[in-house]
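K.L.:
have a look; sequence and predicted model below, questions after that.
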Amino acid sequence: MNLKFRKVLTFGTTLLAVGLALTACSGKKQGGSENKNSDHGVALITDQNGVDDHSFNQAAWEGFKSYGKEHNLKQGKGGYQYFVSSGASDYAPNFNQAAKAGYQTIFGVGYQLQQAVSTAAKQNPKKNFVIVDSVINGQKNVASATFKSNDASYLGGLAAAYTTKTNKVGFIGGTKSDIIDLFEAGFKEGVAAGAKALHKNITVQTQYIGNFTSTDKAKSIAQSMYANKADIIYQAAGNAGNGVFQEAKDYNQVRSVNKKVWVIGVDVNQENLGKYKSKDGKKSNFTLTSVLKGLNVATKSIANDAYNGKFPGGKHLVYTLKNNGVSITRGYLNNKTWSTVQKARQQILDGKIKVSTHPKSN
């Protein structure tokens, strides 16, 4: 079957078992249940990385599952569902399929889906639409959700500065854009602030993959950075970022624990990706911390608003450090570093620290 056909996938314990079948027959709707009241159905349209990308889409999907659990809704028509796109050409058909299937509130995850959301909203004026990580103005049935990822990334940079032993760290981005600029800008400013406080000279190596899918390229970039003495890499590269974790694992498992390099996770808590066994047979973890983008917070909150008849159509919702709209995990930060991070978090909330939205030139 043509891979360009749109897909509806089922998430759960059978995912691995049906994975190959879905690849071979992508137009078939898999599983799901009928819910008695279809007025509260929500749908998630993703890019080609799907909801098990250990990153952006997975975080959004967690919010959907939490919404379903809270309202006793099952995955399927009238409840919650996701549609995976095999490419940009699938965005519009997937939005239309979700609308025709009766889902009332339909989310597009990622700035690349902005035009498809706008078009679908015009074609389906009685449906609710949400664009995540971009803004659509002037459409009353569209809510926009963005995140102050620069603030949380600042905390990640601060943590890196207080942890590095080589005084060299790295940033690997997916595709250069205003969204990823937030991550780079915040991280670099956090590193600079930490370096100043510690009277260190810390350099940040920066490189972009060019997309969010090429794990091999991400792995290669990480290999070069580690070879160049970077001992911490912050990756903001979506699914491609899994390649950074693979390189760190390959690097660490042939060395002793005290010579490990670190990765800073993104979007979701990626601590599970950092598990490994060192050369001397010790179990350890190299995910220093994860900079969280609260897509689960946003998707659940907006879905709940729609459920209660208060869909924020026409509004731009900005998620911040307040109420964990963005945040950072404790991870493996020592007490001094964690205390410093928490103090900086409060200073950002109090307006005493203002983090840039675009990275400064080196």
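P.N.:
Great, that's in hand.
K.L.:
by residue count, which helix of the chain is the longest?
P.N.:
The residue-count maximum for a helix in the chain (DSSP state H) belongs to helix 178-198.
K.L.:
would you map the strands across the stretch 151-300 of the chain?
P.N.:
All strands of the stretch 151-300 of the chain, identified by DSSP state E, counting those that start in this stretch, fall at 168-173, 203-208, 232-236, 262-267, 275-277, 283-285, 287-293.
K.L.:
the fifth one pairs with which strands, and in what direction?
P.N.:
Pairing partners of strand 275-277, with direction, according to DSSP bridges: strand 283-285 (antiparallel).
K.L.:
redo the strands of the stretch 151-300 of the chain as a markdown table? Include mean pLDDT, mean neighbour count and distance to Lys217.
P.N.:
For the C-beta atoms, the positions are set from N, CA and C on the backbone; glycine is no exception. Output for these, formatted as a markdown table (pLDDT from 0 to 100; neighbours: other C-beta atoms under 10 Å; distance: least, C-beta to C-beta, whole Å):
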| stretch | mean pLDDT | mean neighbour count | distance to Lys217 |
| --- | --- | --- | --- |
| strand 168-173 | 98 | 26 | 10 |
| strand 203-208 | 98 | 18 | 10 |
| strand 232-236 | 98 | 30 | 12 |
| strand 262-267 | 96 | 27 | 16 |
| strand 275-277 | 98 | 15 | 22 |
| strand 283-285 | 98 | 15 | 25 |
| strand 287-293 | 97 | 27 | 21 |
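K.L.:
make JSON lines out of the ones you listed and add distance to Gly108.
P.N.:
Shown next, in JSON lines, are those (distance: least, C-beta to C-beta, whole Å):
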{"stretch": "strand 168-173", "distance to Gly108": "21"}
{"stretch": "strand 203-208", "distance to Gly108": "23"}
{"stretch": "strand 232-236", "distance to Gly108": "20"}
{"stretch": "strand 262-267", "distance to Gly108": "16"}
{"stretch": "strand 275-277", "distance to Gly108": "33"}
{"stretch": "strand 283-285", "distance to Gly108": "34"}
{"stretch": "strand 287-293", "distance to Gly108": "16"}
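K.L.:
between those, which gets nearest to Val142?
P.N.:
strand 287-293 (20.2 Å; C-beta to C-beta).
K.L.:
in its sheet, which strands sit next to the closest one, and in what direction?
P.N.:
Its sheet considered, strand 287-293 pairs with strand 262-267 (parallel), strand 326-328 (antiparallel) by DSSP bridges.
K.L.:
dump these to CSV, plus distance to Asn137.
P.N.:
Listed next are the strands paired with strand 287-293 as CSV, based on distance: least, C-beta to C-beta, whole Å:
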stretch, distance to Asn137
strand 262-267, 26
strand 326-328, 23
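K.L.:
of all the strands of the stretch 151-300 of the chain, which one is nearest Gln104?
P.N.:
With C-beta to C-beta as the criterion, Gln104 lies closest to strand 287-293 of these, at 25.0 Å.
K.L.:
between the strands paired with strand 287-293, which one is nearest to Lys293?
P.N.:
Once these are compared by C-beta to C-beta, strand 262-267 is nearest, at 4.8 Å.
K.L.:
care to break the protein down by domain?
P.N.:
7-147+294-322, 151-293+332-349 (automatic domain parsing).
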